[in-house]
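Asker: With the input below, show me the fold.
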Amino acid sequence: MNEQNKNQNHEETPKPFKGAPVNQPSAWKRLLSKRWVYPAAYMAAAAIILTLVWVYQDASQKSLTTDLTTVSDSTLSQNEVVVGMEKEEAESLAVIAKAENMTWPVADAKEVNVVKPFYDPKGTTENHQEAMVQYNDISVTNNGIDLAREDDKVFEVKAALDGKVTRVEAHPLMGTVVEVTHSGNLMTVYQSLADAKVKVGDEIVQGDTLASAGRSEMESDLGNHVHFEVYNNGNLVNPAELLPPK
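Answerer: Numbering: from 1, shown residues only. Modelled structure (predicted):
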């Protein structure tokens, strides 16, 4: 009987069939079972931490250097303000010297009035009010001076200095524009002209007729006039400071 039970149990024991999966330890567990894994991981983590600390310290040193440089630059800029003011005064005198022979851009200065002055950023409140140009709902500063006769008659516009005509343009807002380049990096611009008697490339002499005074859309309230601008090295200059007394 016992022998029969043994044979029965033996027959009931399942046998693995070919191709059945066999439980094996995972690759991660096999890796962790290695003795060298934990020391290596510790060393790698330590290296990363040291690298981060080094980067942080390096960034802090650069920040400190930048701050010190900023303080130094701030001190330098304060000194540059004084030097800049002296330079501005010197440049102003140089412009006056270069334009000392400038004449009024008309045949007779006594026949015209300054109907709108140059907008001086350092000027008075009165100047700022008078030197604003209103066009529709837009207000802009006046970059030159506007000259007109009291009787609103047309007059000839003359060259204020010797030079070369570098631009002649019919502008929709400014009227006809004539630009003349002079020696010493000076440039004069004449706007609101009725017509032009010169063309680009013409060499002109002080007193030559450039055009006739006219009207412009931008300053239509001024009637017949000439808008006169002066530039030194590309920077606006108040023409009234360069023109001789009437």
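Asker: if I read this right, T176 contacts V157, doesn't it?
Answerer: No: using CB atoms under 8 Å, T176 and V157 do not qualify as a contacting pair, with a distance of 9.9 Å. C-betas here are computed from N, CA, C, even on glycine.
Asker: Could you list the buried residues of stretch 105-114?
Answerer: 105-106, 111-112 (16 or more other CB atoms under 10 Å).
Asker: So for T176 and V157, which residue has more residues nearby?
Answerer: Per other CB atoms under 10 Å, whichever of T176 and V157 has more neighbours is V157, with 28 against 21.
Asker: Next, count neighbours for G175.
Answerer: 26.
Asker: next one: phi and psi at it?
Answerer: The phi/psi pair for G175 (degrees, to the nearest 10) reads phi 80, psi -160.
Asker: and it, what does it touch?
Answerer: Going by CB atoms under 8 Å, 6 or more residues apart in numbering, G175 touches 191-194, 214-217.
Asker: Weed out the non-buried ones from those residues.
Answerer: 191-193, 214-216.
Asker: Out of these, name the ones that lie in helices.
Answerer: Per DSSP state H, helices hold no members of the buried ones among the contacts of G175.
Asker: thinking again about what came up before, of the contacts of G175, closest to N185?
Answerer: Q191 (20.6 Å; CB to CB).
Asker: so which two of the buried residues of stretch 105-114 are the farthest from each other?
Answerer: P105 and E111 (12.3 Å).
Asker: How much space separates E179 from D202?
Answerer: 12 Å (CB to CB, to the nearest Å).
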